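In: Test case, fold it:
(3 chains)
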Amino acid sequence: MSKEELQNGLNPQQREALLHTDGPLLVLAGAGSGKTRVITHKYALLTKEEKVSPSSIFTVTFTNKAANEMKERISSLISDDLKGCWIGTFHSQCNRILRSDITALGYRSEFVIYDESDRHSLIRHILRELKIYEALYKGVASRISSLKASMVTPEEFLSSGDGFGFDEKLAKVYIRFQDELRRCNALDFDDLIMLTVRLFQEHPDVLQKYREKFAYILVDEFQDTNRAQYQLVKFLASGHGNIFAVGDDDQSIYRFRGAEVKNILNFEKDFPGVKVIKLEQNYRSTQNILDVSGSIISKNPKRNVKTLWTDRGRGEKVFFYWLPVEEDEAKYVVRTIKDIYLKGVYNYRDMAVLYRINLQSRVIEEALRREGIPYRVVGGMSFYERKEVKDIIAYLRLCVNHHDNVSLRRIINTPHRGIGSATLNKIEQESKRRGISLFEAIRRICKTKSSSQTVIDKLDVFLKLINGISGLKDSSASEAIKSVVELTSYAEELEEQRIQNLTELMISAEGSSIDEFLDRVSLVTRLDESMPDDSISLMTLHTAKGLEFPVVFIVGIEEGLIPYFKSADNEEEVHEERRLFYVGLTRAKDILCLTGARRRRIFSKRQEQEPSRFLKDIPREHCHWVEKAACKKVSGNGSKEKGFARNKAVVYAFPYKTGCRVRHPKWGIGVVRDCYGKGDDLKVCVNFPGVGIKRLALKFAHLERI
DNA sequence: CGAATTGAGTTTTTT
DNA sequence: ACTCAATTCG
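Out: From the prediction side, this is the model:
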């Protein structure tokens, strides 16, 4: 594509951002303003016109999904292949750098990467040893994580500490944690960033090498960077200043995990002469949706004001429904979903239900199930977090790296081989006494026969097993997985579904070496989520960031949920809740429907709920505002719930009930899903197995009741 | 060593 | 209400 072609279809601001090639540039991109478009076109322009090699453009995103999407879109713009390009997540980019240069910091380059749960088990182990209440491990882990994300060393933390006992203990755990990681030859996610920054700090020659290598730095979702990530980018860019950062401070919703919006503000200080461009034309939503979301976000102070506009027209008003209890809310949402679906304009995949906390999905799911509407809950446990998958990966890690104590602890008795806590304690002691890894300690115990024969026998079996698998080091990852499963008899007495998962794991490993595979599973959280079926998406507001749907429901717009009660007394956090709400609102393209319930069960307590304070900021003229005292329209069946079954209002006598069977001359036998309309316009929705769901005008479809 | 029972706590999440 | 985890019992 030529320079001219790359500009086609861009608005003036986008074009300006595209054509600014030298020096720092900050693009404040409102929701739905086509930021990815600008980034990808920029990338294409740099490689095509400026003849910059893809290997000289350092491009970072936060998620793999974003990185892949970007790669795809770029490769459709330029015909060259992107081999050797540097487009990836912060973590994968840092991994790449560290794999080649971490030895400068005294680490070995074959480190393994610990995920959240590995980190948790290591911290629990340390707490146990230091005799600190173990149940605190989650809090401790997250404190340490945020210290590392802010590049604070244990020493610095200690000196800045308030001298209260707990901080001292925390620092101790922190030191110990880093120490253990090192002994295990492992890095956690925070280390990947932190150590890369440290590498640049302490080794100017290495920094110089990368500065020369990367002529341009592109940062996506800049508002989500934490301090370490920002330092990283700053290091790379401060030589030539060719940094191109894209973000939206209004969509900063990850403060709780260390994101610092102030990086956007600092940016103008750190890179003098920065050009700031705002993208305010929105290509996603109707004007009504933009007005409503704008009225919400404009109440936040300290923001880069952006006023989104669209040429799409006003569109539907935004719906707000206030219902008596959460079940009513769910029912209302589901009924509306069905109504919309049956009108035929939108499919289920075009709709999403968003909520503040995962717990809220339950009621919605139940209501959807009752109506037989297909749905999927987005988020939740990722494939690689499943126990059986993690177990097998632990075996692989241990084989590649005998120092990996965390993996060893995980699988030493999985599947059961009679090695319990007593034996493990003995091993731990031996390892501590000699300053060797657990694996070495086991070897020693076996060699010196310093335990009872039964224990030695069991340990010996384990040793032989690991040694046997270690022999597979050079075989392919999928071979190795197969062998691990066989040698450990892992699949025995495992449920069918879990065996399936292992098969899936093997398939996903095909074609990679063990090292590559381990890297990938650490840095890629979920398998590519395929979504071929037509189903409603359910997810939290956080998960919805970056996505868009023609029809969006946001449920539970109540005080206590949005803003969440734990945030309600902290001003900063209320601002973040407001942004979160804003993110949710701006996901909608055509139809936006907000709901809330007057009474709701939260943690088994029935609570009287107030409408969210944010609702006060929405101008009523953009909304259909409906408060329901009780559920009026009860759809024939399913109204046996207490309270509002009184209106047995079967409005029209439909000839077909949901669930009854019919025969169609062409499609055969099907099940009636729904029946609506009246008179000559009576429509019936039938699911024909193997054919799919059909909507038929009763008048023309020659249905036969069976 | 492993199963069963009791008890505490309860946001959001990517890598 | 429900989950997850620790402790206790067999």
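In: what about A:Arg417, which SS state?
Out: Classification of A:Arg417 by DSSP: H, G, I helix; E, B strand; the rest coil places it in coil.
In: Look at it and say how many residues are nearby.
Out: Residues lying near A:Arg417 (other Cβ atoms under 10 Å) number 16. Backbone N, C-alpha and C define where each C-beta goes, glycine included.
In: Wait, it touches A:Lys464, no?
Out: No: counting by Cβ atoms under 8 Å, A:Lys464 is not a contact partner of A:Arg417; they are 11.4 Å apart.
In: Let me know the pLDDT of whichever residue of chain A sits closest to DNA strand C.
Out: Nearest to DNA strand C, among the residues of chain A, is A:Ser604, at 3.5 Å (Cβ to the nearest atom of the strand). What the model reports for A:Ser604 is a pLDDT of 75.
In: who in the stretch 251-400 of chain A is up against DNA strand B?
Out: A:Tyr254, A:Phe256, A:Arg257, A:Arg356, A:Ile357, A:Asn358, A:Leu359, A:Gly379 (Cβ under 7 Å from any atom of the strand).
In: Recalculate using a threshold of 6 Å.
Out: Proximity of the stretch 251-400 of chain A to DNA strand B (Cβ under 6 Å from any atom of the strand) is limited to residues A:Phe256, A:Arg257, A:Ile357, A:Asn358, A:Gly379.
In: quick one: contacts for the residue of chain A closest to DNA strand C?
Out: Contacts for A:Ser604 (Cβ atoms under 8 Å, 6 or more residues apart in numbering) come out as none.
In: Quick check on it: phi, psi?
Out: The phi/psi pair for A:Ser604 (degrees, to the nearest 10) reads phi 70, psi -10.
In: I'd like to know how many residues surround A:Pro619.
Out: A:Pro619: 10 surrounding residues under other Cβ under 10 Å.
In: And for A:Asp191?
Out: For A:Asp191, the number of neighbouring residues by other Cβ under 10 Å comes to 25.
In: right, is the one helix or strand A:Ile427 maps to up against DNA strand B?
Out: Element membership for A:Ile427, per DSSP states H and E: helix A:421-434. Yes: Helix A:421-434 lies within reach of DNA strand B by Cβ under 6 Å from any atom of the strand, at A:Ser421, A:Ala422, A:Thr423.
In: Could you pull out the buried residues of that helix?
Out: Using 16 or more other Cβ atoms under 10 Å as the test for burial, helix A:421-434 gives A:Thr423, A:Leu424, A:Lys426, A:Ile427, A:Glu428, A:Glu430, A:Ser431.
In: For the fourth one, report the pLDDT, please.
Out: With respect to pLDDT, A:Ile427 scores 88.
In: That one contacts A:Arg443, correct?
Out: No: taking contacts as Cβ under 8 Å, A:Ile427 lies outside contact range of A:Arg443: 10.2 Å.
In: Can you list the residue ranges for strands in the stretch 151-300 of chain A?
Out: Applying DSSP state E, counting those that start in this stretch to the stretch 151-300 of chain A gives strands spanning A:186-188, A:216-219, A:243-247, A:275-279.
In: As TSV, those with mean pLDDT and mean neighbour count would be great.
Out: Converted to TSV, those look like this (pLDDT from 0 to 100; neighbours: other Cβ atoms under 10 Å):
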stretch	mean pLDDT	mean neighbour count
strand A:186-188	93	24
strand A:216-219	95	26
strand A:243-247	94	25
strand A:275-279	94	19
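In: So which of those is nearest A:Asn64?
Out: Taking Cβ to Cβ, strand A:216-219 is the member of the strands of the stretch 151-300 of chain A nearest to A:Asn64, at 16.1 Å.
In: what's the spacing between that closest one and its chain's center?
Out: Relative to its chain's centre, strand A:216-219 lies at 23 Å (Cα atoms, centre = their mean, to the nearest Å).
In: okay, and for the stretch 451-600 of chain A, where does confidence drop off?
Out: The stretch 451-600 of chain A contains residues with pLDDT under 70 at A:493, A:526-532.
In: Return the residues in contact with the closest residue to DNA strand B within chain A.
Out: Ranked by Cβ to the nearest atom of the strand, the top residue of chain A for proximity to DNA strand B is A:Gly420, at 1.8 Å. A:Gly420 is in contact with A:Asn413, counting by Cβ under 8 Å, 6+ apart.
In: any idea which helix or strand carries A:Ser79?
Out: In the assignment (DSSP H and E), A:Ser79 maps to no helix and no strand.
In: Please state the backbone phi and psi of it?
Out: Dihedral angles (degrees, to the nearest 10) for A:Ser79: phi -80, psi -20.
In: what does the one 10 residues further on give?
Out: In this entry, A:Thr89 is assigned phi and psi values of phi -80, psi 160 (degrees, to the nearest 10).
In: How many neighbouring residues does A:Cys446 have?
Out: A:Cys446 has 19 neighbours, counted by other Cβ under 10 Å.
In: low pLDDT regions in the stretch 201-350 of chain A?
Out: For the stretch 201-350 of chain A, no range has pLDDT under 70.
In: which residues of it fall in helices?
Out: A:204-213, A:227-237, A:262-270, A:287-297, A:326-343 (DSSP state H, counting those that start in this stretch).
In: okay, these in TSV with mean neighbour count next?
Out: Below are these laid out as TSV (neighbours: other Cβ atoms under 10 Å):
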stretch	mean neighbour count
helix A:204-213	14
helix A:227-237	23
helix A:262-270	17
helix A:287-297	24
helix A:326-343	21
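In: Reformat those helices into a markdown table and put distance to A:Gly139 next to each item.
Out: Listed next are the helices of the stretch 201-350 of chain A as a markdown table, based on distance: least, Cβ to Cβ, whole Å:
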| stretch | distance to A:Gly139 |
| --- | --- |
| helix A:204-213 | 35 |
| helix A:227-237 | 20 |
| helix A:262-270 | 25 |
| helix A:287-297 | 32 |
| helix A:326-343 | 30 |
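In: For the stretch 451-600 of chain A, list the residues in contact with DNA strand B, please.
Out: A:Leu523, A:Thr525, A:Thr540, A:His542, A:Thr543, A:Tyr564, A:Lys566, A:Ser567.
In: Would you list the phi and psi of the nearest residue to the fourth one once chain neighbours are set aside?
Out: The shortest distance from A:His542 to any non-neighbouring residue, by Cβ to Cβ, 6 or more residues apart in numbering, is to A:Ile253 (6.2 Å). The phi and psi values for A:Ile253, taken as degrees, to the nearest 10, are phi -130, psi 20.
In: In chain A, which strand is the longest?
Out: For chain A, the strand with the greatest residue count under DSSP state E is strand A:588-602.
In: helices or strands next to that strand in the packing?
Out: Packing partners of strand A:588-602 (3 or more Cβ pairs under 8 Å, 6 or more residues apart in numbering; DSSP states H and E): helix A:287-297, strand A:318-325, helix A:326-343, strand A:549-554, strand A:605-608.
In: May I see the buried residues of whatever helix or strand comes next after the fourth one?
Out: Moving toward the C-terminus from strand A:549-554, the first helix or strand encountered (DSSP H and E) is helix A:571-585. By 16+ other Cβ under 10 Å, the buried positions in helix A:571-585 come out as A:573-585.
In: returning to what we had before: out of the strands of the stretch 151-300 of chain A, which is closest to A:Phe235?
Out: strand A:216-219 (9.8 Å).
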